[in-house]
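Colleague: missing the sequence, but the structure's below:
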């Protein structure tokens with residue numbers, strides 16, 4: 001799948017949700033973060049504030065949830081809204097990825113557990129990275145199976161989980177995205193690195209590169225540009241690669257970099273980038 005064809009649904013909370021969002025942004029994947037008035041959002045990209053009526057769509061009895069999860073939850077407005085927003089995350093995703101802890105009763109710890117249970121009810125592919133057991137697990141309909149390397153296979157997917165993200169949970173999220181959206185192979189002879197100085201207008205706009213036609217070479221024409229520049233990686237005159245979250249393009253003729261229809265740079269007959 002191509003990153004620019006995918007959408008992450010999440011909740012913008014600190015911890016796992018913020019990490020899912022950051023991993024998506026590094027790859028130019030759209031994100032929709034369901035939130036509500038008064039929520040402490042750790043993400044600003046893709047914020048979707050749910051209305052009162054929309055929150056009610058995901059309403060569920062705390063008595064029912066408590067019995068289902070074999071634990072008691074605090075009956076507060078804020079917690080109810082968290083559960084309601086999780087309903088929207090899971091309802092919109094075609095497959096669900098959670099970082100947390102699987103308990104002995106096969107539920108997932110915390111409010112995130114409601115999202116996992118709802119995914120089970122909806123018969124959606126469900127994967128949980130258990131930080132204590134340091135591994136991914138897949139729900140087979142009756143129990144959890146170990147799954148050492150899941151990959152995202154649907155264009156609309158959900159990423160959620162604990163606020164208390166550990167280093168192995170952070171690595172698990174990054175590994176999931178790396179397997180699902182591998183870096184382009186730029187060892188090909190027809191792949192040309194783009195000098196940052198030529199792409200500087202796009203770096204300022206923090207937007208993906210565009211091509212002058214729909215030729216897709218597999219060299220990542222829509223990798224995100226601006227993130228690396230903001231972190232001081234992209235310097236004028238330097239050549240950049242996928243490890244810097246920049247772009248290589250090919251084949252060596254007939255391509256251009258564009259910003260709002262204006263040609264900024266183009267490949268000449270010798271395969272070198274020249275100002276447009």
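Modeller: All right, it came through fine. This one's a predicted model, so the numbers in the text were calculated from it and none came from an experiment.
Colleague: SS state for residue 170?
Modeller: helix (DSSP: H, G, I helix; E, B strand; the rest coil).
Colleague: neighbours of the residue nearest to it when sequence neighbours are not counted, just the number please.
Modeller: Excluding the flanking residues, the one nearest residue 170 by C-beta to C-beta, 6 or more residues apart in numbering is residue 19, at 5.6 Å. To be clear about C-beta, it is placed using only N, CA and C from the backbone, and glycine gets the same treatment. By the measure other C-beta atoms under 10 Å, the count of residues near residue 19 is 24.
Colleague: quick check, residue 19 in contact with residue 165.
Modeller: Yes: using C-beta atoms under 8 Å, residue 19 is in contact with residue 165, at 6.0 Å.
Colleague: any shared contact partners between those two?
Modeller: Residues touching both residue 19 and residue 165 (C-beta atoms under 8 Å, 6 or more residues apart in numbering): residue 99.
Colleague: quick one, strands of the stretch 51-200 of the chain?
Modeller: 95-100, 126-130, 135-139, 144-146, 156-161, 192-193 (DSSP state E, counting those that start in this stretch).
Colleague: quick one: buried residues of the fifth one?
Modeller: With burial defined by 16 or more other C-beta atoms under 10 Å, the residues of strand 156-161 counted as buried are 157-161.
Colleague: of all those, which comes closest to residue 84?
Modeller: Nearest to residue 84 out of the buried residues of strand 156-161 is residue 160 (C-beta to C-beta; 13.6 Å).
Colleague: tell me the contacts of that closest one?
Modeller: 10-11, 16-17, 20, 86, 89-90, 96-99, 112, 115.
Colleague: for it, give the beta-bridge partners.
Modeller: residue 98 (DSSP bridges).
Colleague: got the phi/psi numbers for residue 3?
Modeller: As for residue 3, its main-chain torsions (degrees, to the nearest 10) stand at phi -60, psi -40.
Colleague: ok, now the one 3 residues further on?
Modeller: Comment: the main-chain dihedrals of residue 6 come out as phi -110, psi 160, following degrees, to the nearest 10.
Colleague: how many neighbours does it have?
Modeller: 20.
Colleague: surely it meets residue 155?
Modeller: Yes: here residue 6 reaches residue 155: they are 5.0 Å apart, a contact under C-beta under 8 Å.
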